[in-house]
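Peer 1: Structure, please.
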Amino acid sequence: MKPMIASLLAMLAAGAVAAPQTYEIDSTHTYPSFEISHLGFSIQRGGFDKTSGTIVLDTEKKSGNVEIVIDTASIDTGLDKRDAHLRGEDFFNTAQFPTATFKSGKLKFSGDKLTAIDGEFTLLGVTKPLTLAVSNFKCGTHPMSKKPWCGAEATGTLKRTDFGMSYGVPGVGDEVKLNIQVEAGLK
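Peer 2: Residues are numbered from 1 along each chain as shown. Okay, here's the model as predicted:
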């Protein structure tokens, strides 16, 4: 009887480890940013200071889902006057559309490494497919909080006109490179 109970407990413990785990985005170490051509002379960069969301990972089944919510009013390009213009109706129209979101239930793995996320990006009320390539994916114990922690860098490319943001095209580029450096801790 004892070996059967021990076996049963071992199976239950193994099942608990393999269950999906929910991680909450650490807004102090998550930074969505973008790169866009300015008149063909330079690549301009900016980012967003406020982000929230969750990541659910089931490493055993190589599956999960992601939801990242970006506060578009938190845009920061290093120049207040430009940021005010970007918050306005010509670009992000943050009064009407205060967030941009990325949602996915399709994670792609190569072995134990997350390599890509197929999802949907919503900006200005328009939702389009977007694939993010994932690099520097790592999960482990956070050395300070001692909690399970994951981090990665995700990148993708989109056309802003697909979302109705056409001001300044073609001088201000249509193609936008989106980068998301993300960290998340177990809830």
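Peer 1: Show me what the helix or strand encompassing E183 is packed up against.
Peer 2: Assigned by DSSP states H and E, E183 belongs to strand 172-186. The helices and strands touching strand 172-186, judged by 3 or more CB pairs under 8 Å, 6 or more residues apart in numbering; DSSP states H and E, are strand 21-25, strand 31-38, strand 51-58, strand 126-141, strand 148-159. All C-beta atoms are positioned from the backbone trio N, CA, C, and that covers glycine.
Peer 1: Looks to me like V169 is in a helix.
Peer 2: No - counting by DSSP: H, G, I helix; E, B strand; the rest coil, V169 is not part of a helix but coil.
Peer 1: Could you shift the numbering so residue one becomes 656, and keep it that way?
Peer 2: Understood, numbering begins at 656; the last thing we discussed is V824.
Peer 1: secondary structure class for the residue nearest to it when sequence neighbours are not counted?
Peer 2: Nearest-residue entry for V824: T816, 6.1 Å, with adjacent residues in sequence omitted and distances by CB to CB, 6 or more residues apart in numbering. Under the three-state scheme (three-state DSSP), T816 adopts helix.
Peer 1: got it, and the one 4 residues further on?
Peer 2: Going by three-state DSSP, the secondary structure assigned to M820 is coil.
Peer 1: For it, grab the count of nearby residues.
Peer 2: 20 (other CB atoms under 10 Å).
Peer 1: and the angle for the strand holding E838 with strand 803-814?
Peer 2: Relative orientation of strand 827-841 and strand 803-814, computed by axes from the mean of the first three to the mean of the last three CA atoms, to 10 degrees: 170 degrees.
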